[in-house]
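A predicted structure for the sequence below; I have some questions about it.
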Amino acid sequence: MTERRRWPWITAGVLVPVLVAGGVVWALRTQGSPEETAGAYLAAWSRQDYAAMKRLVADPPADFESWHRGFRTNLRLTGAAFSAGRAGTGDIVPFHSRLAGVRDWEYDGTLKLVETERRWKVAWSPSTIHPALRKGRTIKAITRDAATTPVLAADGTRIDGSDAPGSVQQLVEGIKAVYPSRFGTRGSTEIDLMEGDTVIRPLVKTATSEPLKTTVDLRVHRAGAAALEGVDKPASLVALRPSTGEILAVVNRPGGFNRALMGKYPPGSTFKIVTASALVAGGVSPSQTVTCPPEQNIGGFPFHNAEFHDYGTLSFRDAFAHSCNTTFGAMGVDKLGDGRLASVAATFGFGAAVTPGVPAVRAEFPAPRDDTDLASASIGQGRVLASPLNMASVAAAIASGTWRPPRIVPPALVPDRSVKPRPLEPAVVKALRSLMPAVISEGTAHAVPFPSGTAGKTGTAEYGSGKEPPTHSWFIGYRGDVAFAVIVEGGGTGAAVAAPIASRFLKRLA
């Protein structure tokens, strides 16, 4: 019987096991290296060549291919690439996975290599696919519906739930309409480690969106909502922060149509703030003597004061406080017929796009066609139209000295930032800050118990037709760093209806 012996054989300084048989020496070197086998295995995996993979596995199980196909199916992959990392010590080769599908994903794993029949092969188990896998477990991409962006009030309170006040929910819907890509419910995919139907843990979590913090002040909103309680006609209240243009509250009663931002109404005598600004800028002083007859023909059309009051001769300040239509109609034609009124109206935002982060309409001041049209515009009638938001920004401009485009979202998110703040002339600001308080102390709103420091303007805006057309009730004003506008559709006079609402609102904030 021929004797067989193993002897160490030295090749290039490396001890190689040898087999001596029949006088012939056979080297028993293991072919290749762990890195080469790992690279070939990962390349075959990348191209889904499961047969080639099996040839590189030591004792592959019967369900080897189904494990890999299931992994791909459960993750809904459209592509995958596996690459070997730098080999460490021993027989472990790390690898990196880049997966593409309903949720792209990258992870790291390891291959354990063993010597089998003078070849390096992969010692396979489910953990070879992913370190967390073992028998009975799967990894799945699961798509769930999820809200993408929380909406917050200024104090961080969430306002995008069903428990938010109706008018606030209406604002949130408006924001979502302006930023559809950030909002709504959409499929959000996680990659979860599963055992049966139970999620053990997420391997890739749903990406959470940065909350959108609005300028809504819930305390101011609650004050506005309380002030409108009991009003039996459609009504709205808007509040702004004059120093920033931030929208603090938007209240509509009843809900449905957002008349505060989207309604277009003749502003009536609240527009006299704009007309007075134009007159003061043209040289009229608050103490200047003017006349206020009960009725006056302007451009062939009769204009009259409320209830045909005759105030005779008085100061411009008092004419403003008593809201003299004949004074402002005549002075508008006599002193502002060269387009000056349109220019000043533009300073207060008329004609400019209103893009606060929710849908809103722009205020309209069409170029007057004749003296009658100009006289009507001077008292906020005719073709002049504005929303409560537009008119709240007029009051805010006097309070701060600068007209600012209103906004409800952070400045960086305002859809159109081309409209810039517009400083008012110092003389205009000084004059109007004496005219508007006079409305409260001795003018049309003197009977309403406003908190001290309130400045404002009543408005009774005719609409429709007839000898005594119906009127919208307006009041706009400011107190401290809060400006506001109130309208009651078909409510009657501003002093009788809108002004008391404004008073209740400010008292709740005091």
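Alright, I've got the coordinates. Numbers count the residues shown, from 1 in each chain.

from now on I want contacts and neighbour counts done on CA atoms only, so please keep to that.
Will do.

can you list the residue ranges for helices in the stretch 201-350 of the chain?
Residue ranges of the helices in the stretch 201-350 of the chain, as given by DSSP state H, counting those that start in this stretch, are 218-227, 259-262, 272-281, 316-321, 325-335, 340-347.

can you list these in JSON lines and add mean neighbour count and mean pLDDT?
Rendered in JSON lines, the data for the helices of the stretch 201-350 of the chain read as follows (neighbours: other Cα atoms under 10 Å; pLDDT from 0 to 100):
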{"stretch": "helix 218-227", "mean neighbour count": "19", "mean pLDDT": "98"}
{"stretch": "helix 259-262", "mean neighbour count": "24", "mean pLDDT": "98"}
{"stretch": "helix 272-281", "mean neighbour count": "24", "mean pLDDT": "98"}
{"stretch": "helix 316-321", "mean neighbour count": "24", "mean pLDDT": "98"}
{"stretch": "helix 325-335", "mean neighbour count": "23", "mean pLDDT": "97"}
{"stretch": "helix 340-347", "mean neighbour count": "20", "mean pLDDT": "96"}
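
Q288: which of those helices is closest?
Using Cα to Cα as the measure, helix 316-321 is the one of the helices of the stretch 201-350 of the chain that comes nearest Q288, at 5.5 Å.

sorry, back to before: how about the helices of the stretch 201-350 of the chain in TSV, adding distance to E173?
Compiled in TSV, the helices of the stretch 201-350 of the chain are given as follows (distance: least, Cα to Cα, whole Å):
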stretch	distance to E173
helix 218-227	17
helix 259-262	13
helix 272-281	32
helix 316-321	39
helix 325-335	40
helix 340-347	29
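
and of those helices, who's closest to R383?
Each of these was scored for nearness to R383 using Cα to Cα, and the closest is helix 340-347 (12.5 Å).

counting by contacts, list what the helix or strand harbouring A431 packs against.
Take DSSP states H and E as the rule and A431 turns out to sit in helix 426-441. The criterion is 3 or more Cα pairs under 8 Å, 6 or more residues apart in numbering; DSSP states H and E, and the helices and strands that helix 426-441 contacts are helix 272-281, helix 316-321, helix 388-400, strand 455-462.

show me what contacts G329?
I298, F303, L374, A375, S376, S378, I379 (Cα atoms under 8 Å, 6 or more residues apart in numbering).

what's the closest of those to T471?
Of all these, I379 has the smallest distance to T471: 13.8 Å, by Cα to Cα.

centre of the chain versus the helix holding A431, how much separation?
Between the mean C-alpha location of helix 426-441 and the chain-wide mean there is a distance of 35 Å, by Cα atoms, centre = their mean, to the nearest Å.

can you tell me the average pLDDT over it?
Averaged across helix 426-441, the pLDDT comes to 98.

contacts for that helix?
Contacts of helix 426-441 with the rest of the structure, by Cα under 8 Å, 6+ apart, involve 273, 276-278, 280-281, 285-286, 317-318, 320-322, 398-399, 401, 445-446, 448, 450, 453-458, 477.

now the angle from it to strand 455-462?
Regarding helix 426-441 and strand 455-462, their directions subtend 80 degrees when assessed with axes from the mean of the first three to the mean of the last three Cα atoms, to 10 degrees.

output stretch 387-404 as PDB, restricted to C-alpha atoms.
The C-alpha atoms that make up stretch 387-404 are tabulated as PDB, following Å, rounded to 0.1, in the frame of the first residue of the first chain:
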ATOM      1  CA  SER A 387     -61.900  93.200   1.500                       C
ATOM      2  CA  PRO A 388     -61.800  93.500   5.200                       C
ATOM      3  CA  LEU A 389     -58.100  92.400   5.000                       C
ATOM      4  CA  ASN A 390     -57.400  95.200   2.600                       C
ATOM      5  CA  MET A 391     -59.000  97.800   4.900                       C
ATOM      6  CA  ALA A 392     -57.300  96.400   8.100                       C
ATOM      7  CA  SER A 393     -54.000  97.000   6.300                       C
ATOM      8  CA  VAL A 394     -55.000 100.600   5.700                       C
ATOM      9  CA  ALA A 395     -55.600 101.100   9.400                       C
ATOM     10  CA  ALA A 396     -52.400  99.300  10.200                       C
ATOM     11  CA  ALA A 397     -50.500 101.700   7.900                       C
ATOM     12  CA  ILE A 398     -51.500 104.700  10.000                       C
ATOM     13  CA  ALA A 399     -50.700 102.800  13.200                       C
ATOM     14  CA  SER A 400     -47.100 102.000  12.100                       C
ATOM     15  CA  GLY A 401     -46.400 104.700   9.600                       C
ATOM     16  CA  THR A 402     -45.800 102.200   6.900                       C
ATOM     17  CA  TRP A 403     -48.100 100.100   4.700                       C
ATOM     18  CA  ARG A 404     -47.000  96.500   4.900                       C
END
